[in-house]
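Undergrad: Sequence plus predicted model, see below.
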Amino acid sequence: MDNDSPADAPDDLPPHAFARIDEGDDLAFYSFPRLVNHIDEVAIAALTATYKRLLPENAVILDLMSSWVSHLPDDLPTGEMIGHGMNAEELAANPRLDRWFIQDLNEDWILPLDSESLDAVLCCVGMQYLRHPIEVATEVRRVLKPGARFLVSFSNRCFWTKAVEIWRKLSDHGHNNLVRWYLERAGFTEIESFVPSDGSQGDPMVVVSGKA
């Protein structure tokens, strides 16, 4: 999938592309802690192996749209691990996080972090819920050091009523192209796609990487 291009994505998207079946308050939706894995063990192992290969040691990392687990390799030392999410109980249960904050990115996408302060940003199975994905990705690029990676991973699972319309209408291949297009529009370079798990044994897993 490395040679895929976002060229078949539109130059712009209509506002209804980011409509959701459930337009209710997101903080209320996520107020109940879900201490479960949102991808299966095969996909988790594949994602963890990809992190091991791509993430530097002793890095300052933001886990965007995180939960009670970050899927990092146990033997990967981090300088500081910052978590963002929507549920305090989930984030408090994540042993890899050194600190965390709650923020609804669909209402406020400005991250409370200094520019060029991070060595990597992760977003696991969360991009499908963003109503302003290019704005969020632009903020991610702001807080990353030059050349640092934004790693966006996704599978074929989601909370269907909270996923935006364009995500619901696209195939897995279309999701890859869409995420690549988001990162391109946000100013990322060296955008690549990896398929650590193709779904032949468990959930499929795609990782899109862009450099700030």
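TA: That came through fine. Everything numeric here is computed off the predicted structure, so don't read it as measured data.
Undergrad: I'd like the average pLDDT over stretch 201-212.
TA: The average pLDDT for stretch 201-212 rounds to 90.
Undergrad: Model confidence for the closest residue to Ala93 other than its chain neighbours, exactly?
TA: With sequence-adjacent residues excluded and distances taken as CB to CB, 6 or more residues apart in numbering, Ala93 is closest to Trp68, at 4.1 Å. For glycine as for every other residue, the C-beta is placed from the backbone atoms N, C-alpha and C. With respect to pLDDT, Trp68 has a value of 91.
Undergrad: got the contact list for Leu47?
TA: By CB atoms under 8 Å, 6 or more residues apart in numbering, the residues touching Leu47 are 39, 71, 124, 153, 196-197, 205, 207.
Undergrad: Please name the bridge partners of Val208.
TA: On the basis of DSSP bridges, Val208 is bridged to Val152, Ser193.
Undergrad: what's around it, how many residues?
TA: 28 (other CB atoms under 10 Å).
Undergrad: isn't it right up against Leu178?
TA: No. Assessed by CB atoms under 8 Å, Val208 is found out of contact with Leu178, at 9.5 Å.
Undergrad: What residues of stretch 72-86 count as buried?
TA: 72, 76, 78, 81-86 (16 or more other CB atoms under 10 Å).
Undergrad: Just name the closest of the contacts of Leu47 to Trp109, please.
TA: Closest approach to Trp109 among the contacts of Leu47 (CB to CB): Cys124, at 17.9 Å.
Undergrad: who's the closest one bridged to?
TA: Bridge pairing for Cys124 - DSSP bridges - gives Ser153.
Undergrad: That one against Leu62, yeah?
TA: No. Here Cys124 does not reach Leu62: they are 12.0 Å apart, not a contact under CB under 8 Å.
Undergrad: Save the buried residues of stretch 72-86 as CSV, and put in distance to Ala148 and secondary structure too.
TA: Shown next, in CSV, are the buried residues of stretch 72-86 (distance: CB to CB, whole Å; DSSP: H, G, I helix; E, B strand; the rest coil):
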residue, distance to Ala148, secondary structure
Leu72, 16, coil
Leu76, 16, coil
Thr78, 14, strand
Met81, 15, strand
Ile82, 14, strand
Gly83, 18, strand
His84, 17, strand
Gly85, 21, strand
Met86, 25, coil
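Undergrad: Is it possible to get the residues you listed out as TSV so that each row also shows distance to Glu190?
TA: Shown next, in TSV, are the buried residues of stretch 72-86 (distance: CB to CB, whole Å):
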residue	distance to Glu190
Leu72	22
Leu76	22
Thr78	23
Met81	24
Ile82	24
Gly83	26
His84	24
Gly85	28
Met86	30
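Undergrad: Identify, from the residues you listed, the entry nearest to Ile110.
TA: His84 (12.2 Å).
Undergrad: for that closest one, what are its contacts?
TA: With CB under 8 Å, 6+ apart, His84 has these contacts: 62-66, 100-103, 105, 111.
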